[in-house]
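S.K.: heads up, no residue letters with this:
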């Protein structure tokens, strides 16, 4: 802990790199000599142009994107994407495949169904409380897209590798693992991520869309609900969420210049997850809830012997400077969200605390 | 000017109160003893609950709202409202009236038409380049709502009083004059405002909706496009734009505790506008573009004798610490946006500069 900061294991909004927060603070009243705050400069000014363009360039470099891909900043979070995806891509009785791996997949499916769009749930892990990622899925080769949730924040599972879709473009909700490791973007027609977990504050969703998906967007949709509006106007058809984009820019800079890119980030993230999973695997007191081959590197879910102990654990953790360890209100238990900004030091401190708690209560 | 800050006349994003910016900066690394930044706390935490609830209470108090009204925070700016309004309220061949007073009204009309909704433009000031607000408008008494743009940021006009609609609920885009003066909310079924002019940063739109309008929302819309979703979940169906809501909270606090409410704010705003309009009215060099009885208190548009002088004026103003005086790219000329946070001192400094410029170039 530094400067009275806690170890923050929130699921989102979540911890951000301290150096990023300090830079925001230090330039908040006078941004780059403009005499204005970043929240006061025009989105049509050279100051903001530099911010958004640097965010785009760094995103493209980090993910190794060629010119087929367009990086967009859209408001409304992943939940708005659940609505926009079927609205933009499923016209004239065309159909899409969905894989249901938890709460957020279920919501994505529901928002397609509300619109009366034709979709097929080709696999689900609901039979075992979403504790695993389905394997050997048969995708429909005439599907317009195949939708997956790459990491399941609430259930603590993650796709270990990208499924083979028979050439159908993958559409992925990567809200909780974007930029946590390198990804072969050529398999994806669209990825999207609410920023508030790995890459920034709440209030903006990053969407990366391929040309061929963009060509499916019909003209008759409202301007703010078409991917093509955002792609043709560099995400500035109207005033964008400037502060959120600025924070993303600083996080991308941190990923490139402090961390050293996504391969390095993955190595760090694997190391962090191993510290906690090793404890869960050797303890008779703490028990991980996700199936081993489906475990998330980002959200580690676990139970204690009973709910009273869980309550006590969460309370004592808080008192000792560890925040956000309560599981999602829909599932209970405990969860440590360890996104990119979470440090190895935080994991070591947490596992030490957990060992002490086990000794006293086990 | 303080601390190397300029006089900021941006149209939006725009100036914010310096005391608000300083409070954000000073608590940015450790918000209210949480050990986290405001951008790192959970939206389901007591810290954020206090923020959003205080923002709501102050908003209701400032606008004198009774329990019929619901204050919502929605992403996507006013442009998303252009889409949501007809989508939520115009089912089954029902119709709405629109008044066209400029660029933003025109966009609101277009987004209703894109959706194939039935609307009628009952008045327009397009015949005179939107330089006035139409009078004696005949509204259709069976219209579901009557849409107006209360202040026209680009054209520099503003409704001096609310039109008589024969009982039809008014729906108003108040992006550029919300909270600039008291308003009789009982005439309105819905008002909305992109925050980045009078009340906060870009990235959130405040919408205030009355019960009877809420009851019109059909079930079959996507969750993120229904007003009822936001009303039933206190704007937290999904992660809200926390930082933008936090800034709004501080601005509402400033309005109540530093300014002393909306009647006082109006008095200050009228005083500010008078300083600049008095100069325009007595100068043969500068010329206001809006008709006198339709003038905006928020955005003051004016021309110089020719475009070369305008270019020189904007450039020299910049060099002297006055930013944002260029008119909107669609109309040219000059514009001073003087929203709530702009000080009388800034107006006095600007008019002094303008008099000097006239002496040297007139």
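M.R.: Cool, got the structure. Note that the structure is predicted; figures quoted are calculated from it, not measured. Numbering: from 1, shown residues only, chains lettered A, B, ... in the order given.
S.K.: Find the nearest non-adjacent residue to residue A:47, please.
M.R.: residue A:41 (4.6 Å; C-beta to C-beta, 6 or more residues apart in numbering or on different chains). C-betas here are computed from N, CA, C, even on glycine.
S.K.: residue contacts, residue A:298?
M.R.: A:151, A:153, A:158, A:176-177, A:180, A:197-198, A:269, A:273, A:337-339 (C-beta atoms under 8 Å, 6 or more residues apart in numbering or on different chains).
S.K.: so what secondary structure elements neighbour the longest helix along chain A?
M.R.: For chain A, the helix that runs over the most residues, judged by DSSP state H, is helix A:262-282. Packing contacts for helix A:262-282, counted by 3 or more C-beta pairs under 8 Å, 6 or more residues apart in numbering or on different chains; DSSP states H and E, involve strand A:287-288, strand A:299-303, helix A:344-361.
S.K.: out of the ones you listed, nearest to chain B?
M.R.: helix A:344-361 (12.3 Å; C-beta to the nearest C-beta).
S.K.: model confidence over the closest one, on average?
M.R.: Over the span of helix A:344-361, the pLDDT mean works out to 97.
S.K.: quick one, that helix and helix A:262-282 angle?
M.R.: Put simply, helix A:344-361 runs at 10 degrees to helix A:262-282, going by axes from the mean of the first three to the mean of the last three C-alpha atoms, to 10 degrees.
S.K.: Mind listing what's buried along helix A:344-361?
M.R.: A:346-347, A:349-351, A:353-354, A:357-358 (16 or more other C-beta atoms under 10 Å in any protein chain shown).
S.K.: do the same with stretch A:136-155
M.R.: A:137, A:139, A:143-155.
S.K.: Check stretch A:180-195 too.
M.R.: A:180-181, A:183, A:185, A:187-195.
S.K.: when you check chain B, which of those turn up near it?
M.R.: residue A:194 (C-beta under 8 Å from any C-beta of the partner chain).
S.K.: For chain B, see how far away residue A:155 is.
M.R.: Per C-beta to the nearest C-beta, to the nearest Å, residue A:155 is found 18 Å from chain B.
S.K.: That residue belongs to a helix, doesn't it?
M.R.: No - using DSSP: H, G, I helix; E, B strand; the rest coil, the secondary structure at residue A:155 is coil, not a helix.
S.K.: Now do the contacts for it.
M.R.: Neighbouring residues of residue A:155 by C-beta under 8 Å, 6+ apart: A:101-103, A:129-131, A:289-290, A:301, A:331.
S.K.: again, 7 Å this time
M.R.: Neighbour list for residue A:155: A:102, A:130-131, A:290, A:301 [criterion: C-beta atoms under 7 Å, 6 or more residues apart in numbering or on different chains].
S.K.: Which of these fall in helices?
M.R.: Per DSSP H, the contacts of residue A:155 never map to helices.
S.K.: got those as a markdown table, with distance to chain B and pLDDT columns?
M.R.: Output for the contacts of residue A:155, formatted as a markdown table (distance: C-beta to the nearest C-beta, whole Å; pLDDT from 0 to 100):
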| residue | distance to chain B | pLDDT |
| --- | --- | --- |
| A:102 | 15 | 97 |
| A:130 | 19 | 96 |
| A:131 | 24 | 96 |
| A:290 | 22 | 96 |
| A:301 | 17 | 97 |
